[in-house]
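Undergrad: A predicted structure for the sequence below; I have some questions about it.
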Amino acid sequence: MAFYRHVGNIPPKRHTQHRDDNGQLYFEELMGEEGFSSDSSLLYHRHIPSAIVDATVWELPDQSTTPNHPLKPRHLKLHDLFPDTVWADTDVVTGRRLILGNADVRISYVVAAKESPLYRNAIGDEMVYVESGAATVETVFGALEAKQGDYVLIPMSTTHRWIPQGPEPLRAYAMEANSHIVPPKRYLSRFGQLLENAPYCERDLHGPSDTLQVEGTDVEVLVKHRTSHGIVGTRMVYPHHPFDVVGWDGCLYPYTFNISDYEPITGRVHQPPPAHQAFEGNNFVICNFVPRKVDYHPLSIPVPYYHSNVDSDEIMFYVGGDYEARKGSGIGQGSISIHPGGHAHGPQPGAYERSIGAEFFDELAVMVDTFRPLELGEGAVACEDSGYAWTWAGRGPTP
């Protein structure tokens with residue numbers, strides 16, 4: 001997005017000589033989107049950023065998926081995937097377990113306590129939601145401090161690593177796009193400023209405030225990228241540490257945004273899901289359901305009406321609070337509900353009537369809606385609550 005930042009030491013004019021105190025030239029790198037025709041930043045390195053001394057295969061965690069067939073709503077219990085004996089030896093990059101995916105976005109979950117390797121996603125932007133815990137995210141642009149409730153936006157091909165902080169493990173929900181992730185167009189002026197009717201503004205986006213320079217030689221970076229055969233990984237070795245940037249400026253950089261800074265849009269009657277939208281990528285959107293005053297028409301029904309997602313799959317990740325529409329279904333913090341296109345869904349039995357008269361919902365959830373069907377990753381298969389699809393009817397298939 002077009003929100004300019006300037007960090008560190010840069011020359012007064014772009015694409016001109018920039019030297020250190022000893023007269024040595026810094027190496028300018030343009031990092032830009034859409035073939036020089038969209039947002040970009042200029043970074044000034046002490047070493048040549050394209051120099052590598054080795055490249056070998058990095059075997060990715062299981063990326064295979066299976067269709068949601070037969071078609072049915074599903075409930076996943078993500079906290080079951082990482083017992084205490086597992087997360088203590090896991091990092092945020094290599095420990096991810098794929099939950100859902102299609103050609104546009106892949107959703108993974110991880111619980112970690114170890115520092116991750118240096119990592120770069122060359123397929124698309126990553127939006128990582130911190131369910132709990134805290135971390136320092138070191139990047140080529142500088143460091144970010146991420147805490148519970150933060151979205152961490154990592155632009156495509158940004159070299160970075162995750163360093164969990166504190167005694168609590170870091171629980172991270174990673175949304176990996178095959179595109180860029182940006183604020184919805186309807187929230188932006190024609191020049192890219194967030195408008196007055198947007199549920200957040202530039203003050204809520206926190207980018208790096210200083211450069212980060214790390215010494216090192218023969219440094220490994222894990223790169224996730226595309227081939228004609230699908231998603232693969234490469235382990236690149238750089239002669240000098242990639243964190244050697246003395247300054248940068250531009251409109252492309254990583255940032256954090258906390259879900260508590262999202263101002264909900266409410267009305268007299270129930271607002272449709274687009275009212276909760278925070279970000280969008282190609283063929284998917286990311287929405288926030290936050291604590292809020294609910295519908296105040298005298299005859300309103302505050303929980304959602306039953307609806308058919310004729311164009312999309314709806315994926316809700318429950319990260320806090322008490323989700324009124326799902327009481328009685330077994331869903332709690334750490335759950336994902338999958339409500340696929342082709343199936344009408346809505347509140348659990350009793351919730352429709354029970355919500356009448358409610359003035360406030362204390363719920364917290366991250367929703368991803370996709371416009372192509374999602375398939376199940378190995379992580380979804382491993383933590384599914386097989387009885388969820390029958391909770392509206394009160395019984396399952398006849399034996």
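TA: Nice, thanks for sending it over. This is a predicted model, so every value here is computed, not measured. Residues are numbered from 1 along each chain as shown.
Undergrad: flag every buried residue along stretch 329-348.
TA: Residues of stretch 329-348 classed as buried by neighbour count (16 or more other CB atoms under 10 Å): 329, 331, 333-341, 343, 345, 347-348. For glycine as for every other residue, the C-beta is placed from the backbone atoms N, C-alpha and C.
Undergrad: swap that for stretch 7-21, sorry
TA: 7, 8, 10, 18.
Undergrad: check stretch 29-38 too.
TA: The neighbour-count check on stretch 29-38 (16+ other CB under 10 Å) flags 29, 31, 32, 33 as buried.
Undergrad: circling back: check the buried residues of stretch 329-348 and tell me the two furthest apart.
TA: 333 and 341 (26.2 Å; CB to CB).
Undergrad: what about the strands in the stretch 201-350 of the chain?
TA: Secondary structure of the stretch 201-350 of the chain by DSSP state E, counting those that start in this stretch: the strands cover 217-227, 230-240, 245-250, 255-258, 277-281, 284-289, 292-293, 307-308, 313-321, 335-339, 344-345.
Undergrad: just so I know, which of the ones you listed lies nearest residue 155?
TA: Nearest of the strands of the stretch 201-350 of the chain (CB to CB): strand 255-258, 9.3 Å.
Undergrad: what's the distance between residue 323 and residue 90?
TA: 28 Å (CB to CB, to the nearest Å).
Undergrad: who has more neighbours, the two?
TA: A count of neighbours by other CB atoms under 10 Å puts residue 323 above the other of residue 323 and residue 90, at 25 against 21.
Undergrad: contacting residues for residue 231?
TA: The contact partners of residue 231, taken as CB atoms under 8 Å, 6 or more residues apart in numbering, are 60, 63, 123, 224, 225.
Undergrad: make JSON lines out of these and add pLDDT, distance to residue 113 and neighbour count.
TA: Formatted as JSON lines, the contacts of residue 231 follow (pLDDT from 0 to 100; distance: CB to CB, whole Å; neighbours: other CB atoms under 10 Å):
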{"residue": "60", "pLDDT": "95", "distance to residue 113": "21", "neighbour count": "15"}
{"residue": "63", "pLDDT": "94", "distance to residue 113": "24", "neighbour count": "16"}
{"residue": "123", "pLDDT": "98", "distance to residue 113": "26", "neighbour count": "19"}
{"residue": "224", "pLDDT": "98", "distance to residue 113": "22", "neighbour count": "20"}
{"residue": "225", "pLDDT": "97", "distance to residue 113": "28", "neighbour count": "14"}
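Undergrad: CSV for those, including distance to residue 39?
TA: Putting those into CSV (distance: CB to CB, whole Å) gives the following:
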residue, distance to residue 39
60, 28
63, 28
123, 18
224, 21
225, 21
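Undergrad: so which of these comes closest to residue 191?
TA: Nearest to residue 191 among the contacts of residue 231 is residue 123, at 29.0 Å by CB to CB.
Undergrad: let me see the contact set for that closest one.
TA: By CB under 8 Å, 6+ apart, the contact set of residue 123 is 156, 176, 177, 178, 224, 225, 226, 231.
Undergrad: ok, now with 7 Å
TA: By CB atoms under 7 Å, 6 or more residues apart in numbering, residue 123 lies in contact with 176, 178, 224, 225, 226, 231.
Undergrad: is it fair to say it lies in a strand?
TA: No - membership of residue 123 in a strand is not supported by DSSP: H, G, I helix; E, B strand; the rest coil, which gives coil.
Undergrad: low-scoring stretches of the stretch 51-200 of the chain, by residue?
TA: Counting by pLDDT under 70, the stretch 51-200 of the chain contains no low-confidence segment.
Undergrad: for residue 276, see how far away residue 315 is.
TA: Distance, residue 315 to residue 276, using CB to CB: 13 Å.
Undergrad: scratch that, residue 316
TA: 11 Å.
Undergrad: which residues are common contacts for the two?
TA: residue 367.
Undergrad: host element of the residue positioned nearest the centre of the chain?
TA: Geometric centre of the chain, nearest residue: residue 127, 2.3 Å, by CA atoms, centre = their mean. Using DSSP states H and E, residue 127 maps to strand 126-132.
Undergrad: residue 161 too?
TA: Residue 161 belongs to strand 160-165, assigned by DSSP H and E.
Undergrad: quick one, the next helix or strand after that strand and strand 277-281 angle?
TA: The first helix or strand that comes after strand 160-165 along the chain, using DSSP H and E, is strand 170-177. Interaxial angle, strand 170-177 versus strand 277-281 (axes from the mean of the first three to the mean of the last three CA atoms, to 10 degrees): 50 degrees.
Undergrad: which elements pack onto strand 170-177?
TA: Strand 170-177 sits against strand 105-112, strand 126-132, with contacts defined as 3 or more CB pairs under 7 Å, 6 or more residues apart in numbering; DSSP states H and E.
Undergrad: partner strands of it, with direction?
TA: Applying DSSP bridges, strand 170-177 is found paired with strand 105-112 (antiparallel), strand 126-132 (antiparallel).
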